[in-house]
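Asks: coords below, sequence missing:
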């Protein structure tokens, strides 16, 4: 079990091993989910759309129009 110490100002330093596992970096946000009076779970907050925009871009992938994308989605839904 990895531990941390609460400061007099109510601050915690998340140990490096935990930051590495959760892929947390300076400026990332975390949420605390409290269960009862004796337990809390720390969860990394998901990234916003603006932060991940373009991460799937590949110059090798052919360009598609909106109409082509809509048709591909419709075709996939028909196959269900």
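Replies: Received, thanks. Since the model is a prediction, treat every value here as computed from it, not as a measurement.
Asks: all strands of the protein, in order?
Replies: 30-35, 39-44 (DSSP state E).
Asks: Need the winner for burial among these.
Replies: Burial of the strands of the chain is given as mean neighbour count (mean count of other CB atoms under 10 Å); strand 39-44 ranks first at a mean of 11. Yep, even glycine has a C-beta here, placed from its N, CA and C like the rest.
Asks: Can you list the strands that that one pairs with?
Replies: With DSSP bridges as the test, strand 39-44 is paired with strand 30-35 (antiparallel).
Asks: How far does the strand it pairs with sit from its chain's centre?
Replies: 15 Å (CA atoms, centre = their mean, to the nearest Å).
Asks: before we move on, what about stretch 6-24?
Replies: Worked out by CA atoms, centre = their mean, stretch 6-24 lies 17 Å from the chain centre.
Asks: Let me know how buried residue 14 is, in neighbour terms.
Replies: Residue 14 has 14 neighbouring residues, counting by other CB atoms under 10 Å.
Asks: Report the contact partners of it.
Replies: By CB atoms under 8 Å, 6 or more residues apart in numbering, the residues touching residue 14 are 4, 24, 30, 42.
Asks: If we use 7 Å, what do you get?
Replies: Contacts for residue 14 (CB atoms under 7 Å, 6 or more residues apart in numbering) come out as 4, 24.
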